[in-house]
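only geometry, no sequence info:
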């Protein structure tokens, strides 16, 4: 379970269930456990207004360097 946080204000954006190793390039909506983000049209933002990603339908395409992750990845 990963906790995705805003790189600007360090608030939680969402909790995500990630399998395997590697970068977090996009988040499948079905694997988001708890969502704290603000949705403004297709934009997914933190509560502070920082753009985290773009909603692409089945997944959210993450914007590099706008978020940080903490937690363990499942293999």
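Perfect, thanks for sending it. As the structure is a prediction and not an experimental result, all values here were calculated from the model.

any idea how far the worst-scoring helix or strand of the chain on mean pLDDT is from the chain center?
Each helix and strand of the chain was given a mean pLDDT (mean pLDDT, DSSP states H and E); the minimum falls on strand 67-71 at a mean of 90. A distance of 9 Å separates the centroid of the chain from that of strand 67-71, by CA atoms, centre = their mean, to the nearest Å.

So what are the sheet partners of it and their directions?
Here strand 67-71 has these sheet partners by DSSP bridges: strand 2-6 (antiparallel).

which parts of the helix or strand just after the strand it pairs with are buried?
Using DSSP states H and E, the helix or strand that directly follows strand 2-6 along the chain is strand 12-16. For strand 12-16, burial by neighbour count (16 or more other CB atoms under 10 Å) applies to 12-16. C-beta coordinates here come from the backbone N, C-alpha and C atoms, glycine included.

Would you list the strands that strand 12-16 pairs with, along with their directions?
For strand 12-16, the pairing partners within the sheet under DSSP bridges are strand 2-6 (antiparallel), strand 32-35 (antiparallel).

which residues touch the first one?
Under the contact criterion CB atoms under 8 Å, 6 or more residues apart in numbering, strand 2-6 has outside partners 11-18, 24, 27, 46-48, 50, 52, 66-73.

if we go to 6 Å?
Counting contacts by CB atoms under 6 Å, 6 or more residues apart in numbering, the residues outside strand 2-6 that touch it are 12-16, 18, 46, 50, 67-71.

quick one: which two of those residues are the most distant?
Greatest spatial distance in those: 18 and 50, 20.9 Å, computed using CB to CB.

Pick the one among the buried residues of strand 12-16 closest to residue 40.
The shortest separation between residue 40 and any of these is 13.6 Å, and it belongs to residue 13 (by CB to CB).
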